[in-house]
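Undergrad: quick one, what's the 3D model for this:
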Amino acid sequence: MNKLLNFHLPIRIRLTLWYVLLLAVTFALLSIYLIYRVQNSLIATVDNSLKVNVDKTIAALDEEEDFRETGILTFDIVEKSKIRPSRFAMRVVSPQGDVWDDYGEIQNLSDWGTLQTGYATRIGNVDEDDEWRILTQPVTDSNNEIIAWVQAAQSMASINESMQDLQEQVVWAIPLILIFAGLGGYFLADRALGPIKQITNTAQEITAQGLSQRLAYQGPADEIGQLAATFDQMLTRLQVSFERERQFTSDAAHELRTPLTVLKGQIEVTLNRSRTPAEYDGKLQELLVQVDRLIRLSNALLFLSRSDQHQLSWNPTQVNLRELLDALIEQIQPLAQDKGLSINTSIPDKLSVYGDSDHLISLFMNLLDNALKYTPAGGQIKVEADNGTRDVQVRIYNTGAGISSQHLQYLFNRFYRVEADRSSQIGGSGLGLAIAQEIVRLHHGEILVENKSGQGVTFSVRLPLNTHVA
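TA: Predicted coordinates for the structure are as follows:
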């Protein structure tokens with residue numbers, strides 16, 4: 001029983017049934033209207049014929065000479081053959097209801113109704129279907145007094161036969177039309193829904209390892225075509241997302257494995273033999289470096305994961321960018337001096353933006369740390385800023401060999417390194433620029449990189465002055 005209740009017809013059948021039902025209702029209403037109009041038109045034709053006959057008869061009976069002599073009006077002066085149609089009857093009646101004269105098929109009609117001006121329909125003597133249309137009109141004298149009534153009756157048998165024939169044709173025609181329309185509707189629905197069936201089959205075949213399939217719909221750009229195109233676009237986005245996720249997972253595992261392997265190796269070596277306290281202290285310092293590296297990598301991965309899920313914290317305030325940059329430059333100054341680097345700044349006194357100070361610190365620390373790592377000894381780092389009408393621009397330039405143009409489009413990709421071996425030795429994870437880009441996006445800004453081979457690299461950050469939403 002539950003299976004019957006939960007059973008659903010295929011959509012093409014439902015569309016066809018609704019189409020046939022709508023067509024049936026339309027034809028039924030149209031047929032009723034047409035039958036009503038045809039019947040009224042035929043009755044109006046009979047009424048008009050009766051009116052003409054009665055008017056001609058009354059015009060002939062208006063001669064009062066015969067009436068003054070006999071007190072009775074008859075059809076003797078009327079040329080009956082010119083006014084008598086088939087299945088027709090007529091009579092002249094006194095004001096009291098006495099029949100003075102009649103002719104035609106009087107025997108087929110006994111009930112003529114009351115003597116009142118107008119039309120009436122009565123049942124004949126043959127059977128209940130033998131209807132007659134009757135017109136009653138008075139005959140008046142010169143004083144406008146009624147001296148007689150003329151009644152004419154016309155059988156409606158031919159009209160009823162025509163209407164019955166019309167109804168039978170409608171009753172036979174509508175089912176045939178509906179059957180033909182149903183077959184045509186099912187064919188059209190099946191063709192229209194064909195791409196949807198293709199979409200369903202393709203969707204059932206797709207797995208996380210096989211997202212390269214596409215519908216490649218070649219039909220018209222209608223609703224179905226738009227659905228197929230949207231489905232292909234969705235598959236493309238899913239494929240890119242899955243590939244990015246797989247790459248991210250693989251790179252993250254690789255990055256985590258390196259410091260963990262180092263930690264394990266150093267611990268094993270340390271445990272192999274007894275050491276002096278100084279040696280233990282040295283090994284612990286080396287282990288601490290690897291632990292710090294793991295912490296930084298874990299924090300970076302956590303940041304990017306929260307960014308992908310739109311769960312980054314957002315606590316915007318008015319940030320004094322001049323003070324923030326000065327503090328960061330002061331923090332890296334000892335490291336720059338150890339490497340023989342000079343840091344030059346050109347930052348306006350009044351430089352502020354509306355943003356999250358923690359994220360802005362992370363943004364510029366990543367860029368400064370990147371410049372510090374890849375500037376050769378004796379090189380130079382420049383930090384410049386401009387205060388525009390709508391935004392603030394900060395440029396961080398460092399001298400060095402620069403970056404080949406083939407690497408620029410991938411520079412902000414996660415775990416991407418221009419020189420993998422060299423970056424690994426330096427200690428970079430390939431996540432700093434990806435994090436910087438996410439922070440800039442969070443502030444509705446823009447980050448660009450300009451490169452001149454052999455002359456260094458410039459990172460430009462544009463931040464809007466009024467960023468009130470994340």
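
Undergrad: going forward, measure contacts between C-alpha atoms and count neighbours the same way
TA: Fine.

Undergrad: for the stretch 151-300 of the chain, give me the ranges with low pLDDT.
TA: Within the stretch 151-300 of the chain, the ranges that satisfy pLDDT under 70 run 207-210, 251, 254-255.

Undergrad: what ranges do the strands span in it?
TA: Counting by DSSP state E, counting those that start in this stretch, one finds no strands in the stretch 151-300 of the chain.

Undergrad: the stretch 301-450 of the chain now?
TA: Per DSSP E, counting those that start in this stretch, the stretch 301-450 of the chain carries strands over the ranges 317-320, 342-346, 352-355, 380-387, 391-398, 446-452.

Undergrad: next structured bit after the last one?
TA: If I follow you right, that is strand 446-452. Where DSSP states H and E defines the elements, the next helix or strand beyond strand 446-452 is strand 456-464.

Undergrad: list the neighbouring strands of that following strand plus their orientation.
TA: Partners of strand 456-464 in the sheet, by DSSP bridges, are strand 391-398 (antiparallel), strand 446-452 (antiparallel).

Undergrad: could you tell me the least trusted of the ones you listed?
TA: Of all the strands paired with strand 456-464, the minimum mean pLDDT falls on strand 446-452 (a mean of 86).

Undergrad: looking at the strands of the stretch 301-450 of the chain, which is nearest to residue 202?
TA: Nearest to residue 202 among those is strand 446-452 (38.9 Å), distances taken as CA to CA.

Undergrad: residues contacting the closest one, please?
TA: 402-405, 408, 437, 440, 457-463 (CA atoms under 8 Å, 6 or more residues apart in numbering).

Undergrad: at 6 Å instead, please
TA: If you take CA atoms under 6 Å, 6 or more residues apart in numbering as the criterion, strand 446-452 is touched by 457, 458, 459, 460, 461, 462.

Undergrad: residue 146: neighbour count?
TA: 14 (other CA atoms under 10 Å).

Undergrad: quick revisit: what's the most buried one of the strands paired with strand 456-464?
TA: By mean neighbour count, with neighbours taken as mean count of other CA atoms under 10 Å, strand 391-398 ranks first of these at a mean of 21.

Undergrad: tell me where this protein has helices.
TA: Using DSSP state H, the helices of the chain run over residues 2-5, 11-61, 65-70, 80-83, 157-192, 194-205, 223-272, 277-308, 321-339, 357-374, 405-408, 420-426, 432-442.

Undergrad: TSV for the ones you listed, including mean neighbour count and distance to residue 116?
TA: Listed next are the helices of the chain as TSV, based on neighbours: other CA atoms under 10 Å; distance: least, CA to CA, whole Å:
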stretch	mean neighbour count	distance to residue 116
helix 2-5	7	64
helix 11-61	16	14
helix 65-70	11	22
helix 80-83	11	23
helix 157-192	15	24
helix 194-205	14	70
helix 223-272	14	67
helix 277-308	14	92
helix 321-339	16	106
helix 357-374	19	101
helix 405-408	12	105
helix 420-426	12	114
helix 432-442	21	93
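
Undergrad: a markdown table please, covering the contacts of strand 446-452 and showing distance to residue 217.
TA: Listed next are the contacts of strand 446-452 as a markdown table, based on distance: CA to CA, whole Å:
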| residue | distance to residue 217 |
| --- | --- |
| 457 | 46 |
| 458 | 45 |
| 459 | 43 |
| 460 | 43 |
| 461 | 43 |
| 462 | 42 |
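
Undergrad: in stretch 91-105, what counts as buried?
TA: The neighbour-count check on stretch 91-105 (16 or more other CA atoms under 10 Å) flags 91, 92, 93, 94, 99, 100, 101, 102, 104 as buried.

Undergrad: and the fourth one, what's its pLDDT?
TA: To tie it back to what came earlier, the one meant is residue 94. You'll see residue 94 listed with a pLDDT of 87.

Undergrad: and what of the fifth one?
TA: pLDDT, residue 99: 87.

Undergrad: OK, contacts around it?
TA: Contacts of residue 99 (CA under 6 Å, 6+ apart): residue 93.

Undergrad: cutoff 8 Å now
TA: By CA under 8 Å, 6+ apart, residue 99 lies in contact with 91, 92, 93.

Undergrad: same check on the first one?
TA: Residue 91 sits next to 99, 100, 101, 102, 103, 150, 151, 152 when contact means CA under 8 Å, 6+ apart.

Undergrad: which of those residues sits closest to residue 322?
TA: Distances from residue 322 to these, taken as CA to CA, are shortest for residue 152 (112.6 Å).

Undergrad: kindly state the beta-bridge partners for that closest one.
TA: Taking DSSP bridges as the rule, residue 152 bridges to residue 90, residue 135.

Undergrad: isn't it up against residue 121?
TA: No: Residue 152 is not in contact with residue 121 according to CA atoms under 8 Å; the separation is 11.5 Å.
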